[in-house]
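Participant: Have a look at this prediction, sequence included:
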Amino acid sequence: MPKLSTRLQHFRKGSPLSFRLLAWILLFSSAFTLIASGIQIYTDYRKDLSQIDNRMDVVESGYSSSLARSLWALDQKLLQTQMEGILSLPDIVHLRLRIEPDSELVMGDIPRGAQTRSHSFKLVHMGDEMFELGELTVTADLERVYEEMEHKVGIILATQFLKTFFVSILIIWIFQHFVTRHLSTMADYARDFSLSNLSRPLELDRPRTPSNESDELGRVSDSINQMRERLNDDVVRQERDAAEIRKFSKAIEQSPSSVLICDRQWRVEFANQKFTQLTGYSGTAILGKHPGALSENDLENRESRHLWQSIRLQVQRVGVWQGEVNSMRKNGERFWEQLIVTPIKDSGSETTGYLILGEDISIRKRYEQQLLRQANYDILTGLPNRMLALDRLKLALAQARRENTQVGVMFLDLDNFKHINDTLGHDAGDNLLIEAARRISSCLRGTSTVARLGGDEFLVILPGLTGPDDSSQVADRILKTFSPPYILNGQEVFITTSIGIAVFPVDSDNSGTLLQHADAAMYQAKHKGKSAYAHFAPEMTEVSHERLQMESRLRRAIELKELELYYQPIVHTDSGNLVAVEALLRWNNPTMGMVMPDRFIPLAEETGLIIPIGEWVLEVACKAAVEWKEIAGRNIGISVNVSPRQFRDPRFTDAVMQALDNSGLEAEQLELEITERLILDNSIETAEILRLLDREGIRLSVDDFGTGYSALSYLKSYPFDTLKIDKSFVQDVMKEPEDASLVRAIINMAHSLGLRVIAEGVEDEPQTHFLKAEGCDFSQGYFYSRPLPATEFEAWLKTNQRVQI
Ligand SMILES: Nc1nc2c(ncn2[C@@H]2O[C@@H]3COP(=O)(O)O[C@H]4[C@@H](O)[C@H](n5cnc6c(=O)[nH]c(N)nc65)O[C@@H]4COP(=O)(O)O[C@H]3[C@H]2O)c(=O)[nH]1
């Protein structure tokens, strides 16, 4: 049971309803009681009146004959007695007896203002004849009736009121106890009901009996609790949904991709930060705009309108659009973006808007374009490369087939490019290629293509030719454009090119064969003596075929032990005594016979085979020199030729030291012959390698002096020991005074620089006299001995250590 105070509180809280109820109950019950009491009182009143009337009738019936007799008998006393008897009857207060003819007898009083009721009857003598004796009027006073009625009214009203009041109180208490306080609890609960308070269920202050639970209050509180639970579930779901929405909106906001959300009419509703970063347009500034009309630039908008029309159509038809778009930032800057456009659909698959995701792919695009360029263009010259050139050639051939025209294919190779590269360095070589590309391009029409195939090789495609003369004219123009000198490293250098020409469909109708033919023709042009062009002729295929064959044979030459060293003595010019020996390479191929170095060394250089070959030469030559020491009983130096490519190989110095180690030859007994051209490349590496070799004690000589630039300055700065005058000067010293004075000058100059001089190609005795007279230190040539195979040289060594002059 709840405490009294709580109940009072409930009562107080519920008082408005209870009082209203009480008032209404009182009102209705009072009204009802009043009406009922009124009816009752009126009924009693009517009953009293009829009692009085009855009484009057009784008076008439009981007294009329006796009064008539008394009156007939004129018995006044009896009459009076009789009238007094009537007056003693209740309520009768007045009697008036009219006696015929004109007397009257009155008894009793009528109080002033009293309500009365009267009844009159005739007094008749019933004899033989009827005589009307008089008339009696009886008057009754109604005061008693009214008093009784008032009394009754008072009692009835009081009792009814009290009854109604207590019944009402009882009803109210019952109602309050069983209903209103619970309603108050519900009201309080409902008032306190909020989203933060959903966990507390509504509990009414009454036992949980089945009857309580199934009554209206039980059902209402049950419904409220169910509502609370549903609301609770809804709130939990809403919170979860809100958290999800927050998460998604954060993810969209912070997405690394730009995000635009448009409504069904493609009006921008949302743009994330990335979009702003990417485009420069703030989210608010573009709200309501079409994604294709963000710019203030009309032209740009017009362009993008077309694009967005097709995007819209595809999204409607296929459901998605994706592609790469070259968009414009707010500041007018262009950038590439990858766009994905999809519709946003509601649960009923109705499109409610559009989602546009963008990613900046400018960098990737740049790389792609760069890769595309790299894949198709030569980076150095910017010309199409081999791949693109072949594509263009195929296109040109297809067009020529359709139009029945000819296509000229030219193969160009710069003469002596390797020499420039070796002597002036790679930068100069690169500049030369760039300038050569420019000069070749300047001789061609717009429809022609010039491409760099690699190294110093260029390809020219001449479409739409009418005859072979057309290509000759272009070749002439190219040769002519090469005649002005190139400025490389501040020096004027003259470069020529050799051009091979093959014509479609005359020489072949196939692009690959045409290229091979042009290549073969180019070799022919080189053979002719450089700065020349040659048209393909069928016999040329044999030459290029031979070259290919030679290359494949040379690759296996070391393995098959086809290489051999010949040795040529170098003697003291004065005494003719053997000082050293030059190792000269020979290639004994079973098919080609004895191949001289001039024929295969350039090929070995081109292909890189010179590196393993050079290592083999060093190994064999050093070992031979050690063996000779045993035979001769003294040191005999060995000179080994080193080609530029071999010299620049990073493993070169190691290979030299390895050869010395393996053979046990002293470093001073080894002399490396380096061409003048190699030294002209003033590169730091060349100087470093030469100094390193010098520090090891290896002797260094300048080979073929006079054939190159004959720049004397380098001789001072490099650690050379010997200078070899080229045989072309020595051979003519007796015939050409100029050569004689040149040789003389070289000897003097070399001596002044502390170098010793070897004269190459000494073939006869007068030459030896000349050289002796000029103070040339050493001589080498057929006059002393031809280059000899090892066994023959050893035999020579055993017998002829001194050449008799
Ligand atoms: N007309 C005439 N010629 C004479 C006379 N005395 C010697 N010769 C030739 O002159 C060339 C001298 O060699 P080089 O100037 O170093 O010129 C050499 C050298 O540059 C290169 N070579 C030879 N062997 C090797 C090698 O092992 N490695 C490298 N890298 N190059 C080599 O091949 C070139 C040619 O070598 P070879 O044919 O052996 O020709 C040799 C030799 O046989 C003479 O009195 N009259």
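Facilitator: Received it, and whenever you're ready, just let me know what you need.

Participant: what's the neighbour count on Pro468?
Facilitator: The number of residues packed near Pro468 is 14, by other Cβ atoms under 10 Å. All C-beta atoms are positioned from the backbone trio N, CA, C, and that covers glycine.

Participant: so it touches Phe536, yeah?
Facilitator: No: assessed by Cβ atoms under 8 Å, Pro468 is found out of contact with Phe536, at 10.0 Å.

Participant: Quick check: neighbours shared by those two?
Facilitator: Residues touching both Pro468 and Phe536 (Cβ atoms under 8 Å, 6 or more residues apart in numbering): Ile501, Val503.

Participant: Could you pull out the helices in the stretch 551-700 of the chain for me?
Facilitator: Along the stretch 551-700 of the chain, counting by DSSP state H, counting those that start in this stretch, helices occupy 597-607, 610-632, 644-648, 652-663, 676-679, 684-695.

Participant: Can you tell me which of those has the worst average pLDDT?
Facilitator: Lowest mean pLDDT within those: helix 676-679, a mean of 72.

Participant: Show me how far that helix is from its chain's centre.
Facilitator: In this view, helix 676-679 has its centroid 55 Å away from the chain centroid, taken as Cα atoms, centre = their mean, to the nearest Å.

Participant: Repeat that for stretch 719-731.
Facilitator: Put simply, stretch 719-731 sits 68 Å off its chain's centre (Cα atoms, centre = their mean).

Participant: Can you give me the buried ones in that stretch?
Facilitator: Within stretch 719-731, the residues scored as buried using 16 or more other Cβ atoms under 10 Å are Phe720, Asp721, Thr722, Leu723, Lys724, Ile725, Asp726, Lys727, Phe729, Val730, Gln731.

Participant: so does it get close to the ligand?
Facilitator: Yes: counting by Cβ under 6 Å from any ligand atom, the ligand is contacted by stretch 719-731 at Lys727.

Participant: Report the separation between the two terminal residues of that stretch.
Facilitator: Chord length of stretch 719-731, first to last residue, is 28 Å (Cα to Cα, to the nearest Å).

Participant: quick one: contacts of it?
Facilitator: By Cβ under 8 Å, 6+ apart, the surrounding residues in contact with stretch 719-731 are 671, 673, 690-691, 694, 699-707, 715, 739, 742-743, 746-747, 750, 755-763, 767, 771, 776, 778, 780-781.

Participant: Asn376: neighbouring residues, count only.
Facilitator: Asn376: 16 neighbours (other Cβ under 10 Å).

Participant: Residues of the stretch 501-650 of the chain that sit close to the ligand?
Facilitator: Contact residues, the stretch 501-650 of the chain versus the ligand (Cβ under 6 Å from any ligand atom): Gln568, Ala583, Leu584, Leu585, Met596, Pro597, Asp598, Ile601, Val617, Asn641, Val642, Ser643.

Participant: Now Gln780. Its backbone dihedrals?
Facilitator: Dihedral pair for Gln780: phi -150, psi 140, per degrees, to the nearest 10.

Participant: Check the gap between it and the ligand for me.
Facilitator: Going from Gln780 to the ligand by Cβ to the nearest ligand atom, to the nearest Å gives 6 Å.

Participant: Do I have it right that that residue meets Gln767?
Facilitator: No: applying Cβ under 8 Å, one finds Gln780 not in contact with Gln767, separated by 11.3 Å.

Participant: Quick check: neighbours shared by those two?
Facilitator: Joint contacts of Gln780 and Gln767 (Cβ under 8 Å, 6+ apart) are Ala759.

Participant: Close to the ligand: what parts of the chain are there?
Facilitator: Residues of the chain lying close to the ligand by Cβ under 6 Å from any ligand atom are 568, 583-585, 596-598, 601, 617, 641-643, 673, 703-704, 727, 760-763, 780-782, 787.

Participant: Count residues in the vicinity of Gly463, would you?
Facilitator: Not quite, residue 463 is Pro, not Gly. Neighbour number of Pro463 under other Cβ under 10 Å is 21.

Participant: Before we go further, it is sitting in a strand, right?
Facilitator: Yes: checked against DSSP: H, G, I helix; E, B strand; the rest coil, Pro463 lies within a strand.

Participant: Run through the residues that contact Ala557.
Facilitator: Residues counted as contacts of Ala557 (Cβ under 8 Å, 6+ apart) are Leu563, Trp587, Asn589, Ile613.

Participant: any idea how far it lies from the ligand?
Facilitator: Distance check for Ala557 against the ligand: by Cβ to the nearest ligand atom, it reads 13 Å.

Participant: so which helix or strand takes in the residue in the stretch 251-400 of the chain positioned nearest to the ligand?
Facilitator: Closest to the ligand within the stretch 251-400 of the chain is Leu380: 28.5 Å, counting by Cβ to the nearest ligand atom. Using DSSP states H and E, Leu380 is not contained in any helix or strand.

Participant: just Gly323 next, same as before
Facilitator: strand 321-328.

Participant: Could I get the average pLDDT for that strand?
Facilitator: With pLDDT averaged residue by residue, strand 321-328 scores 90.

Participant: follow-up on the earlier one: list the ones among the contacts of stretch 719-731 that fall in helices.
Facilitator: Leu690, Arg691, Asp694, Leu715, Asp739, Leu742, Val743, Ile746, Ile747, Ala750, Gln767, Leu771 (DSSP state H).

Participant: Closest residue of the stretch 351-500 of the chain to the ligand?
Facilitator: Closest residue of the stretch 351-500 of the chain to the ligand, Cβ to the nearest ligand atom: Asp422 (12.7 Å).

Participant: Helix, strand or coil: sort out that residue for me.
Facilitator: Asp422 ends up helix, using three-state DSSP.

Participant: That one against Leu678, yeah?
Facilitator: Yes: between Asp422 and Leu678 there is a contact under Cβ under 8 Å: 5.8 Å.

Participant: Contacts only, for the closest residue to Ser442 other than its chain neighbours.
Facilitator: Of all residues not flanking Ser442 in the chain, Thr481 sits nearest, at 6.3 Å (Cβ to Cβ, 6 or more residues apart in numbering). Thr481 makes contacts with Arg439, Ile440, Ser442, Cys443, as judged by Cβ under 8 Å, 6+ apart.

Participant: quick one: the strands in the stretch 351-500 of the chain?
Facilitator: Per DSSP state E, counting those that start in this stretch, the stretch 351-500 of the chain carries strands over the ranges 351-360, 406-414, 449-454, 457-465, 486-488, 491-493, 497-504.

Participant: Need the nearest residue in space to Gln406, chain neighbours excluded.
Facilitator: In space, and not counting its chain neighbours, Gln406 is closest to Leu465: 4.1 Å by Cβ to Cβ, 6+ apart.

Participant: ignore the last one, Ser448
Facilitator: Leu462 (5.1 Å).

Participant: And that neighbour, how far from Val450?
Facilitator: 10 Å (Cβ to Cβ, to the nearest Å).

Participant: Show me whatever sits in contact with both of these two.
Facilitator: Common neighbours of Leu462 and Val450 (criterion: Cβ under 8 Å, 6+ apart): Leu444.

Participant: before we move on, the earlier item: buried subset of the residues of the chain next to the ligand, written for ChimeraX?
Facilitator: Typed into ChimeraX, the next command selects the buried ones out of the residues of the chain next to the ligand (criterion: 16+ other Cβ under 10 Å):
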select :568,583,584,585,601,617,641,642,643,673,703,704,727,760,761,762,780,781,787
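
Participant: so where's the longest helix in the protein?
Facilitator: Identified as the longest helix of the chain according to DSSP H is helix 4-72.

Participant: Arg98: what secondary structure?
Facilitator: Secondary structure, three-state DSSP: Arg98 is strand.

Participant: Does it touch Phe121 like I think?
Facilitator: No: if you go by Cβ under 8 Å, Arg98 and Phe121 don't touch, sitting 11.3 Å apart.

Participant: just checking, which of the residues of the chain next to the ligand belong to strands?
Facilitator: Residues of those located in strands (DSSP state E): Gln568, Ala583, Leu584, Leu585, Asn641, Val642, Glu673, Asp703, Asp704.
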